[in-house]
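**Q** With the sequence up front, the predicted model follows.
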Amino acid sequence: MRAIEASDLRKAYKGGVVALDGLSFEVEAGTIFGLLGPNGAGKSTTVKILTTLSRADSGEARVAGLDVVRDADRVRRAIGVVGQRPGLDPEATGRENLEMQAEFYGLVGSERRERVTELLDRLGLADAGGRLAKTYSGGMQRRLDVALGLVHRPKVLFLDEPTTGLDPEVRGDLWREIERLARDDEMTILLTTHYLEEADRLASALAIVDRGRIVAEGTPDELKSELRGDTVQVELSESANGDASMAVRRLAGVSELSVDGKLLRARVDNGAAAVPSIVTALERDGLSVASATIARPSLDDVYLRHAGRSFEEADAETDNARKEAA
Amino acid sequence: MTVVRHTKQVALRYIRALLRQPAWVAISLVQPVIWLLLFGGVFKRAADIPGFTGGSYIEFLTPGIVVMLAVSAAGWVGMGFIEDINRGTMDRLLVSPIWRGALNLGSVAQSVLSIVIQSAIVIGLALAVGARFDGGAAGVAVLVAVAGMLGAVFASLSNGVAVLTRQRETLIGVVTMVTLPLTFLSSALMQQSLLPGWIRWIAKFNPVNWAADAGRSAVGAHADWGLIATRTGFLALVLLAGAAFATRAFNSYQRSI
């Protein structure tokens, strides 16, 4: 069964910015699905449409078998949402936040009280339940946000960049909690992230989003195994664009070669075997090597291959575009 | 009833947040007192103008101040929505199955409650400094009720504008541009027959004036129940339109994000 189906979603914002450009994907029930992409790729817009917050200009989407436009109210009962921005009310206590949320889902009386207590316990907020949410640390606020999304035991949980801005330790805690939700509560989880390691660690299937479209889809291993071999990265002592690529290109088993200033990147079948011959070839041409590293393919490489630029470049592009717009 | 439960929950949330700001509570309790004493002092001699029939100026002024405080307090209600939108709280509420109307009505209910409390303070103070309201308790209740209705109208409009513009500066601009002129284009501070003809004409279409006329008539010696009924009816119609506007503004917001 599919818990989420998005088909050919398109959306443009005022001023002609295209956020979604024919985006489609499906999520199997009971799995964690990752939407991975840089800032501005269209991940959050997708979540807004699937959670009935916003509407697509065209295309269709079903969540828990229900159309997000025609059956918006039933979709809202079936889903939990943890948005990118905190949804909590800072002027209310943790418990008050949860009780108000429960009220909107029709939970009343002792059932509500028990559920709220259970969630506070589960997310490690039992002692903080009576304190105003604005006094919480960043990690606690995030956990309260997650608790708010879980109050009514949703079938499908949306987590929009859940760990952005959290320190590594807190991020690890939240990862374990997310895994537990999928495993013990049999929830379908759609997670957006622009941390490659987060997608790698949590998602059983993922889609890479770039400029409002899905550019690659599969399990993290499938996507990585698409990339044969390893990435070798060589740092030269001095910049030498043309010469360096000439020297290395002649070697057997080297592909996807790129040189940027002092940095040379290449894909090779076997990193350990290739490094000595690359270094030798470079030094024969009078180029001295400062360092050489071998990396197993990462999702960053997958992204680079499908989107034609690295994650950092894509993020920087979006930031620049935003600055220009502002 | 979902409608009532959700509205109550939203109202409680805003009331709780306000009560946790002691400075706000203090200011909103003191402000109407300052207005009554200030306006009462400055315009005291207005009662001497030939043709003024309202008894002492304080007696005349009290319903006007009640109406004025309703407008000015309610105008700022939309600030809460802008904060909620900027913070992300509004998005969380909008993806829950909350009854949409509860968002506006809950915030309006909180505003009306503060208006009722502030009105009670003003009326109590007026009585303490010697004003007499011949309309009695029933008249005073009608005055507070029309002030509450007027406040609900302006709170709804403020919420609608807040959701559509999402900018503090815009809301401040709109509120300052609208509320003060509407107060002066009414009989809130000066007897109708002593106002210039053009103001009297505009005042006919001004909800602030409807509330001032109805409230003042109700606390006076000879309440004109026909006038009170029609003005209350007008206010009810504008309130319906305002609440519909504020609730529908969310559709426009959701289309734009």
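**A** Structure's in. What do you need?
**Q** Ends of stretch A:250-264, what's the gap?
**A** By CA to CA, to the nearest Å, the extent of stretch A:250-264 from end to end equals 15 Å.
**Q** List the buried residues for that stretch?
**A** Under the neighbour-count criterion of 16 or more other CB atoms under 10 Å in any protein chain shown, stretch A:250-264 has A:254, A:257, A:259, A:262, A:264 buried. Any C-beta I mention is one placed from the backbone N, CA and C, and that applies to glycine too.
**Q** Among those residues, find me the one that's closest to residue A:233.
**A** Nearest to residue A:233 among these is residue A:264, at 7.2 Å by CB to CB.
**Q** Can you tell me the SS state at that closest one?
**A** Look at residue A:264: counting by DSSP: H, G, I helix; E, B strand; the rest coil, its state is strand.
**Q** Hmm, residue A:239 and it touching each other?
**A** No - if you go by CB atoms under 8 Å, residue A:264 and residue A:239 don't touch, sitting 10.6 Å apart.
**Q** any idea which element residue 111 lies in?
**A** I went with chain A, as the question did not name one. helix A:109-122 (DSSP states H and E).
**Q** Not quite, go with chain B.
**A** Assessed by DSSP H and E, residue B:111 sits inside helix B:100-128.
**Q** Name the next helix or strand downstream of that helix, please.
**A** Downstream of helix B:100-128, the next assigned helix or strand under DSSP H and E is helix B:136-165.
**Q** which other helices and strands contact that following helix?
**A** For helix B:136-165, the elements it packs on are helix B:57-75, helix B:78-87, helix B:100-128, helix B:168-184, helix B:207-219, helix B:225-256, judged by 3 or more CB pairs under 8 Å, 6 or more residues apart in numbering or on different chains; DSSP states H and E.
**Q** Show me what counts as buried in it.
**A** For helix B:136-165, burial by neighbour count (16+ other CB under 10 Å) applies to B:139-140, B:142-165.
**Q** Do me a favour and average the pLDDT over the one helix or strand residue A:277 maps to.
**A** For residue A:277, the element it lies in under DSSP H and E is helix A:271-284. Mean pLDDT, helix A:271-284: 85.
**Q** Toward the C-terminus, what is the element adjacent to it?
**A** Proceeding C-terminally, helix A:271-284 gives way to strand A:289-295 as the next helix or strand, assigned by DSSP H and E.
**Q** what pairs with that next one, and is each one parallel or antiparallel?
**A** Strand A:289-295 has its sheet partners listed here by DSSP bridges as strand A:230-236 (antiparallel).
**Q** Run the angle between the strand it pairs with and helix A:271-284 for me.
**A** Inter-element angle recorded for strand A:230-236 and helix A:271-284: 30 degrees (by axes from the mean of the first three to the mean of the last three CA atoms, to 10 degrees).
**Q** Quick one: distance of strand A:230-236 to the chain centre.
**A** Mean C-alpha position of strand A:230-236 versus that of the full chain (CA atoms, centre = their mean, to the nearest Å) differs by 26 Å.
**Q** And the contacts of it?
**A** Applying CB atoms under 8 Å, 6 or more residues apart in numbering or on different chains, the contact partners of strand A:230-236 are A:244, A:262-271, A:274-275, A:278-279, A:282, A:287-297, A:301.
**Q** tell me which residues in it are buried?
**A** Of the residues in strand A:230-236, A:230, A:231, A:232, A:234, A:236 count as buried by neighbour count, 16+ other CB under 10 Å.
**Q** pLDDT (mean, whole number) over it?
**A** Strand A:230-236 shows a mean pLDDT of 85.
**Q** do stretch B:118-131 as well
**A** Averaged across stretch B:118-131, the pLDDT comes to 92.
**Q** next one: stretch B:210-227
**A** The model assigns stretch B:210-227 a mean pLDDT of 95.
**Q** For it, which residues meet the burial criterion?
**A** For stretch B:210-227, using 16+ other CB under 10 Å, the buried residues are B:210, B:211, B:212, B:213, B:214, B:215, B:216, B:217, B:218, B:219, B:220, B:223.
**Q** Tabulate those residues (TSV), appending distance to residue B:88.
**A** Formatted as TSV, the buried residues of stretch B:210-227 follow (distance: CB to CB, whole Å):
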residue	distance to residue B:88
B:210	39
B:211	36
B:212	40
B:213	44
B:214	41
B:215	40
B:216	45
B:217	47
B:218	44
B:219	45
B:220	50
B:223	49
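**Q** quick revisit: need the buried ones from the contacts of strand A:230-236 selected in PyMOL.
**A** In PyMOL, this line selects whichever of the contacts of strand A:230-236 come out buried by 16+ other CB under 10 Å:
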select buried, chain A and resi 244+262+264+265+266+267+268+271+274+275+278+279+282+287+289+292+297+301
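**Q** returning to that earlier point: which stretch among the helices and strands packed on helix B:136-165 comes nearest residue B:135?
**A** Comparing these by CB to CB, helix B:207-219 comes nearest, at 4.1 Å.
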